[in-house]
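# Predicted model and sequence below, questions to follow.
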Amino acid sequence: MASLTVPNRVESVRPATAFLVQAARAMKVPAAAEHVFEVAISEAITNAVKHGCSDRDDATITCDIELEDRQLTLRIIDGGQGFDLPKAEMPEVSPDKIESLSDSGYGLPIIQTVFPIMRVVKVDGRFGIELGLKY
Amino acid sequence: MQIDVATENGTTIVRPSGDRLDIEVAADFRAMLLSLIDQGNRHLVVDLKAVTFIDSSGLGALVSALKTLKRTTGPGDVRLARVQPPVVSLLEIIRLNRVFTSYASVEQAIQSFQ
């Protein structure tokens, strides 16, 4: 398992994403070669920054990645409040309804296109999200 | 993030110079687009040649600009130029390729408004 802890702030999204993508590629996970894999991880870490305790100066995000029996598991623990995962439905996109087009809500569906397994977890008393894929 | 703005034949060309259009820069990008619209620019071409990574925040900025234009009176549109393959792929996954027209070159995008 590889692990990285970063301050919970927007500037941490890029380095934390790079860490997880490089670790998955080093583990030779096929999906990690695809661009959307990196986007999905970036979305998950972005959510941690948005919904974790980023108002506290000492708040952190811990990113864990492990591979076992061809199952990749990522844990992004932000220490925020526990939450129920909303249904990850892609917002409706229609050229006939641009006025009602959503300018948010695309993150979770992007994550689910890569990671069929997504659940809320609690690690050492801190809440976060666990993402998984089998290959 | 540096964002260059130019005008040609009544069309405003917005050119983000960084390779990542993500949560770190999306708010500035959105503010820039909305400010241009507020100033009366209604034909916008976003040149994405330099952008190889975009997330939902960056896409949300584009959607926000498009919605603002469509909400107000008069013709107007946000069109994309020189979209890189990773960005094309994400637009397709989210199906935003159904609302944003893309062109191979900035010149073609400008001509589409004539």
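Received, thanks.

# Pull the contacting residues for the residue most central in space within chain A.
With distances taken as C-alpha atoms, centre = their mean, A:Ala44 lies nearest the centre of chain A, 2.1 Å away. Contact analysis of A:Ala44 by C-beta atoms under 8 Å, 6 or more residues apart in numbering or on different chains lists A:74, A:76, A:107, A:111, A:129, A:131. From N, CA and C alone the C-beta is placed, and that goes for glycine too.

# Next, please give the residue ranges for the helices of chain A.
Per DSSP state H, chain A carries helices over the ranges A:13-26, A:35-51, A:107-114.

# most packed of those helices?
With neighbours taken as mean count of other C-beta atoms under 10 Å in any protein chain shown, those reach their highest mean count in helix A:35-51, at a mean of 23.

# Alpha carbons only: can I get that one in PDB?
Provided in PDB are the C-alpha atoms of helix A:35-51 (Å, rounded to 0.1, in the frame of the first residue of the first chain):
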ATOM      1  CA  HIS A  35      -7.000   9.900 -19.200                       C
ATOM      2  CA  VAL A  36     -10.400   9.700 -17.500                       C
ATOM      3  CA  PHE A  37      -8.800   7.700 -14.700                       C
ATOM      4  CA  GLU A  38      -6.800  10.800 -13.800                       C
ATOM      5  CA  VAL A  39      -9.900  13.000 -14.100                       C
ATOM      6  CA  ALA A  40     -11.900  10.700 -11.800                       C
ATOM      7  CA  ILE A  41      -9.200  10.800  -9.100                       C
ATOM      8  CA  SER A  42      -9.000  14.600  -9.400                       C
ATOM      9  CA  GLU A  43     -12.800  14.800  -9.000                       C
ATOM     10  CA  ALA A  44     -12.600  12.600  -5.800                       C
ATOM     11  CA  ILE A  45      -9.900  14.700  -4.200                       C
ATOM     12  CA  THR A  46     -11.700  17.900  -5.200                       C
ATOM     13  CA  ASN A  47     -14.800  16.600  -3.400                       C
ATOM     14  CA  ALA A  48     -12.600  16.000  -0.300                       C
ATOM     15  CA  VAL A  49     -11.400  19.500  -0.400                       C
ATOM     16  CA  LYS A  50     -14.900  20.900  -0.900                       C
ATOM     17  CA  HIS A  51     -16.600  18.800   1.800                       C
END
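
# Quick one: name the residues of chain B near chain A.
Proximity of chain B to chain A, by C-beta under 8 Å from any C-beta of the partner chain, involves residues B:20, B:22-24, B:53-57, B:59-61, B:63-64, B:66-67, B:70-71, B:85-86, B:89-90, B:93-96, B:98-99.

# In a markdown table: the helices of chain A, plus mean pLDDT.
Below are the helices of chain A laid out as a markdown table (pLDDT from 0 to 100):
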| stretch | mean pLDDT |
| --- | --- |
| helix A:13-26 | 98 |
| helix A:35-51 | 94 |
| helix A:107-114 | 93 |
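
# before we move on, back to that, and chain B, which of the contacts of A:Ala44 reach it?
Answer for the contacts of A:Ala44 near chain B (C-beta under 8 Å from any C-beta): A:Gly107.

# And the furthest pair within the contacts of A:Ala44?
In terms of C-beta to C-beta, those reach their longest pairwise distance at A:Leu74 and A:Gly107, which sit 15.0 Å apart.
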